[in-house]
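In: okay, here's the prediction I keep looking at, along with the sequence it came from:
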Amino acid sequence: MIIGGKDFNFEDNFYVMGILNVTPDSFSDGGQYNDVDKALFRVEEMISEGASIIDVGGESTRPGYHMISDDFEIYRIVPVIEAIKGRFDIPISLDTYKAHVAKAGIAAGVDMINDIWGLKWDSINNSNEEMNDKINYAMANLIAKAGVPCCIMHNRRMVSSYEKDNSQHVVQDIEEYFASHNAIHEKESYVNQTNDINQANDINQTNDINQANDINNIDNINNMNSGVNYSSGNDYGYDNFMEDVMLDIKDSLDIAYNMGISKDKIIIDPGIGFAKDLSQNLKVMNHLSDLCKLCFPVLLGTSRKSMIGLTLDLPTDERLEGTIATSVIGYQAGCRIFRVHDVKENYRALKIAEAIMKAG
């Protein structure tokens, strides 16, 4: 597969995808890289540690977050993407499920789209179920026309009272947002960023930004203790869990094919931490080889996630060993792309696993 002019040989090699969240409120590294200079420093560091691709994200999916406007998300990502492209020769993936944001990202130089809704956001976000067969799958259509590779992740909408609330994007990984961050510092940083944004001449989205920066919501999250209310897997309407996961992924693949995305431009992701409880996440990990049998490159994203935190009873800043263990298990099962925060440590562990498995 060619990504950003680079040949990714998934038959013989593994690749580390370094996470770069340019948000003030991501669960693990929020506020650390939402400045262009800091983002560039981190990219340079990840490249030196073994990253082959950088995944840029402009919207947090932490619990209780506000879905931000397309224009605000574009405002966050485009300067960083352009700066990375201007300084480094490395492919960039954009973590977004919004077609308008993806279009702006591709125009800025993005080489791949990483869609946490598996190309389904347009249908999920459509309130008229009778019209679903007529939906223009904007993201899939854009990817097909742009000719860029995409990662299709497994996700599923919650089947509960939340389904009636379309003001939030609720099927997300549940993480202890303030487990390793100072709440006061985060609020001050967020307010300062809002003031800068409101002064930007090219953004006329003050109302959306003010809504996205609801500090009272941050206060509420900060008041939560470690006993976060994790959703049950039953909230997502599974009948036969692994079978349903596979069928959901195949539905996404059908959308891709029908909209003209070629098979050689598709990566799949089991969606660890999305629409799954702890036992289901562990079960997916134990059945990764089944997903690899679909004959697509498989991306695994477990870095610092709740599956590790709940299993080891550890906060986000103490989940490195658990992440490394899942990366190695994933490699043994056939996964070949690993989306992580801690590039150096995962890369080294994967090199050892690769050497052993290739020894014969």
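Out: Happy to help now that I have it.

In: can you map out the strands along this protein?
Out: 2-3, 6-7, 15-21, 51-57, 92-95, 112-115, 150-153, 266-269, 299-300, 337-340 (DSSP state E).

In: minimum distance to residue 254: which of those strands has it?
Out: Proximity to residue 254 (CB to CB) singles out strand 150-153 among those, at 10.7 Å. Glycine gets a C-beta too; all of them are placed from N, C-alpha and C.

In: so how far is that closest one from its chain's centroid?
Out: From the chain centre to the centre of strand 150-153 is a distance of 10 Å (CA atoms, centre = their mean, to the nearest Å).

In: so what's the residue count around residue 89?
Out: For residue 89, the number of neighbouring residues by other CB atoms under 10 Å comes to 10.

In: check what pLDDT it gets.
Out: Predicted confidence (pLDDT) for residue 89: 97.

In: quick one: which of the strands of the chain is nearest residue 290?
Out: Here strand 266-269 is closest among the strands of the chain (CB to CB), at 11.7 Å.

In: burial of the nearest residue to residue 302 once chain neighbours are set aside, as a residue count?
Out: Nearest residue to residue 302 in three dimensions, chain neighbours excluded: residue 326, at 4.1 Å (CB to CB, 6 or more residues apart in numbering). For residue 326, the neighbour count with other CB under 10 Å is 28.

In: quick revisit: out of the strands of the chain, which is closest to residue 138?
Out: So among these, strand 112-115 is nearest, using CB to CB, at 11.3 Å.

In: and the closest one, what does it pack onto?
Out: strand 92-95, helix 99-108, helix 138-146, strand 150-153 (3 or more CB pairs under 8 Å, 6 or more residues apart in numbering; DSSP states H and E).

In: want to throw the ones you listed into JSON lines with mean pLDDT?
Out: Output for the helices and strands packed on strand 112-115, formatted as JSON lines (pLDDT from 0 to 100):
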{"stretch": "strand 92-95", "mean pLDDT": "98"}
{"stretch": "helix 99-108", "mean pLDDT": "98"}
{"stretch": "helix 138-146", "mean pLDDT": "97"}
{"stretch": "strand 150-153", "mean pLDDT": "98"}
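
In: out of these, which comes closest to residue 51?
Out: Short answer: strand 92-95, nearest of the helices and strands packed on strand 112-115 by CB to CB, at 10.9 Å.

In: pull the CA atoms of the closest one into CSV?
Out: In CSV, the C-alpha atoms belonging to strand 92-95 read as follows (Å, rounded to 0.1, in the frame of the first residue of the first chain):
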residue,chain,number,x,y,z
ILE,A,92,0.1,12.0,7.8
SER,A,93,-3.1,10.3,8.8
LEU,A,94,-6.1,12.4,9.9
ASP,A,95,-8.3,11.1,12.7
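
In: okay, and for the stretch 51-200 of the chain, where does confidence drop off?
Out: 62-65, 126-135, 160-200 (pLDDT under 70).

In: can we see that at 80?
Out: 61-66, 124-136, 159-200 (pLDDT under 80).

In: what of the stretch 201-350 of the chain?
Out: 201-234.

In: helices of that one, residue ranges please.
Out: With helices called from DSSP state H, counting those that start in this stretch, the stretch 201-350 of the chain shows them at 206-212, 215-222, 241-259, 278-286, 288-292, 306-312, 320-333, 343-358.
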